[in-house]
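# Quick one, structure for this:
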Amino acid sequence: MFKWKFIKLTSFQIILAGFLVLILTGTLLLSLPIASAERVWTPFPSAFFTAASASCVTGLVVRDTATYWSVFGKCVIICLIQIGGLGVITMSTIITLLMGRRISLFQRSMLRDSISADQLGGIVRLTRFIVKGTIIFELSGAVLLYPVFLKEFGPFKGALLSLFHSISAFCNAGFDLMGERAAFSSFTTLPDNVLLNIVFMLLIVIGGLGFLTWEDIKTNRQHFRKYRLQSRMILAVTGLLIFLPALWFFIFEFSGLPLKQRILYSMFQSVTTRTAGFNTYDQAALSSNGLLLTICLMLVGGAPGSTAGGMKITTLAVLLISAGSVFKRSPDVNFMGRRIPAYTVRSASGILTLYLGLFISAGCLIAQIEGLPLGFCLYETASAVGTVGLTTGITPGLGTASMMILALLMVIGRVGGLTMIFAAVPNAGRDMVRLPEEQINVG
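Numbering: from 1, shown residues only. Sure, this is the predicted structure:
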């Protein structure tokens, strides 16, 4: 534990505190007149919501990013996105390394918890690998996006927009600067640009795979069997969660469109729900079935230790595999030749219960406060707790209370449900006594 006078903080509490400090710092900077295009003080609720959304790499906004914020404000937002995407602890470790200082054992422990690493050994080397990989992917994305923005915005502004959107896409943030065409439009004005669609989808998927998965791919390359079980699970489930929903969108949601648009819309809609938040299709125009499928995908989120938030695809995978073991009457939960610990299965059940409870209760509460349709409110709360950023358009018109509810969901979604619980109840379970067992019939 970290001790400061009479205060004792666990690594989980420090991770949470780091994000809160980041959000409050961002709020202060964004509230200044220099941060707005019209040089006016930004009200606290709007500044706080924007800072929370950027720090938690969500993308929900109450002010159009392109037209409301000044260059300074946009720089603050992209810095919050970069720090939030990599993680506050990771960034502090990077700064410590650049200063030439030694990383303590407790700092290594915090870093392990922050990026969901499985061991302390090699954690500093992994951090360096994460930084190098992030720089390479974001700069590569900016270079590939440059021709798209060059035509309309010119060499200099086009380069800045390319870098901004590359960082936002890789960090799964969903912030965009396309409001100059139409406020809150995201990329609905460029739905047919193949290069933009492909680059964005690649950046979103790569950022959402997780740092440990990158390391496995780099180390073991095509030798899939040598990967960690978690990496194999992430890659397999990611592929399914992209292909199957895209197929559903292609067949049922966008069936009346030309073939090129159907393919691009379907693929982008499936990928962007992985906590990215960009959209090339108006979300309010989706059918009720399309909205429901998108809500489910948003709740799942990305991989552990990635730039993405949400419940995490490994949680979904473990629950589905556990259900399969029940159907097969297997005493163990097995996957790809390995047995998954019982504690992991219980944790997955707890996380699912937490996220569903937050998503539903917050949606009902906002619907009651604002007098809006429940379906649209549930869409926004799923987007917030999944740190996605997709919206049906109701977020800019929400009141302060509803904005604060969404901001809280974004923090929980980015920090992680278990981290929030462990931070709130650090000593739970230490003195528990095992009680006599008694059978209860279920099902």
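
# ok, residue 396 - contacts?
For residue 396, the residues meeting the contact criterion (C-beta atoms under 8 Å, 6 or more residues apart in numbering) are 61-63, 184. For glycine as for every other residue, the C-beta is placed from the backbone atoms N, C-alpha and C.

# how about a cut-off of 10 Å?
Shown in contact with residue 396 (C-beta atoms under 10 Å, 6 or more residues apart in numbering): 46, 60-64, 183-184, 403.

# quick one: which of the residues you listed has the most company?
Neighbour counts for the contacts of residue 396 were taken using other C-beta atoms under 10 Å; the highest belongs to residue 60, with 28 neighbours.

# if I've got this straight, that residue is in a helix?
No: assignment of residue 60 by DSSP: H, G, I helix; E, B strand; the rest coil gives coil, placing it outside any helix.

# State the distance from it to residue 354.
Computed as C-beta to C-beta, to the nearest Å, the residue 60 to residue 354 distance reads 20 Å.

# Show me the strands in this structure, by range?
When assigned using DSSP state E, the strands of the chain occupy the ranges 2-4, 7-9, 333-335, 338-340.

# got any ranges where the protein has weak pLDDT?
1-7, 9, 97, 100, 106-107, 110, 113-122, 423-434, 443 (pLDDT under 70).

# circling back to that earlier point, ok, the contacts of residue 396 vs residue 312, which is closest?
residue 60 (19.8 Å; C-beta to C-beta).

# Might one say that that closest one is in contact with residue 391?
Yes: distance between residue 60 and residue 391: 6.0 Å, which falls inside the contact criterion (C-beta atoms under 10 Å).

# List the residues that are in contact with both of the two.
Common neighbours of residue 60 and residue 391, counting by C-beta under 10 Å, 6+ apart, are 174, 277, 380, 383-384.

# Looking at those, point me to the pair that's furthest apart.
Looking across those, with C-beta to C-beta as the criterion, the two at the greatest separation are 174 and 380, at 13.3 Å.

# list residues touching both of those two?
In contact with both residue 174 and residue 380: 60, 388, 390-391, using C-beta under 10 Å, 6+ apart.

# now residue 43, nearest residue through space, not along the chain?
With C-beta to C-beta, 6 or more residues apart in numbering as the criterion, residue 43 has its nearest non-adjacent residue at 7.7 Å, and that residue is residue 31.

# got the contact list for the one you found?
Contacts here follow C-beta under 10 Å, 6+ apart; on that basis residue 31 touches 41-44, 46-48, 50-51, 73.

# Next, the contact list for residue 280, please.
For residue 280, counting by C-beta under 10 Å, 6+ apart, the contacting residues are 186-193, 196-197, 200, 261, 264-265, 267-269, 272.

# hmm, which of those are the buried ones?
Among these, the ones that count as buried by 16 or more other C-beta atoms under 10 Å are 186-188, 190-191, 193, 196-197, 200, 264-265, 267-269, 272.

# Mind checking which of these land in helices?
The helices in this structure, assigned by DSSP state H, contain 196-197, 200, 264-265, 267-269, 272 from the buried ones among the contacts of residue 280.
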